[in-house]
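[1] okay, structure incoming, though there's no sequence with it:
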């Protein structure tokens, strides 16, 4: 399972990446970076409709043999990508959506911190704890 937050275009660099277990971390990084093209395609396909909508969940970006990749984009075009195990059939779309909302709320709390510089990597114990508890639900 992997959770990542990618900065807004044109930079598209990772602000936060956490994977459990850590042995396939490089493979997860590759998966996240390949998913950015799919995220951009979905955003451009939605076009103006995305601006009018409150729902920012992009849904299943693409499945692989081992993993399913889900996406979410904020109003400021920051992208959240979640990679989960394909064998986890108990995980429903509405559960993924609520996990992204929880992640977005925690991300917003970090942005509201006066000591955080937007664009810096996220180093927060509270955020790590929230992500870890979310990942334990999925595993």
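    Structure received. These numbers were taken from a predicted model, which means no experiment stands behind them. Residues are numbered from 1 along each chain as shown.
[2] what sits against residue 130?
    By Cβ atoms under 8 Å, 6 or more residues apart in numbering, the contact list for residue 130 reads 102-103, 106. (C-beta placed from N, C-alpha, C; glycine too.)
[3] what about it, distance to residue 108?
    Look at residue 130 and residue 108: by Cβ to Cβ, to the nearest Å, they are 12 Å apart.
[4] secondary structure class for the nearest residue to residue 9 once chain neighbours are set aside?
    Leaving aside its sequence neighbours, residue 9 sits nearest to residue 77 (Cβ to Cβ, 6 or more residues apart in numbering; 6.1 Å). State at residue 77, reduced to three classes by DSSP: H, G, I helix; E, B strand; the rest coil: coil.
[5] what are the buried residues along stretch 115-126?
    Neighbour counts over stretch 115-126 (16 or more other Cβ atoms under 10 Å) mark 122, 124 as buried.
[6] residues making contact with that stretch?
    With Cβ under 8 Å, 6+ apart as the criterion, stretch 115-126 contacts 5, 7, 11, 14-16, 106-107, 109-111, 113.
[7] buried ones from those, can you make that a ChimeraX selection?
    A single ChimeraX command selects the buried members of these (16+ other Cβ under 10 Å):
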select :5,7,14,15,16,106,107,110
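[8] sort the contacts of stretch 115-126 by pLDDT and name the bottom one.
    In terms of pLDDT, the lowest of these is residue 11, showing 90.
[9] pull the contacting residues for that one.
    With the criterion set at Cβ under 8 Å, 6+ apart, residue 11 makes contact with residue 119.
[10] in a strand, it, correct?
    No - if the criterion is three-state DSSP, then residue 11 is coil and not within a strand.
[11] what's it sitting at in phi/psi?
    Per-residue torsions, residue 11: phi -70, psi -50 (degrees, to the nearest 10).
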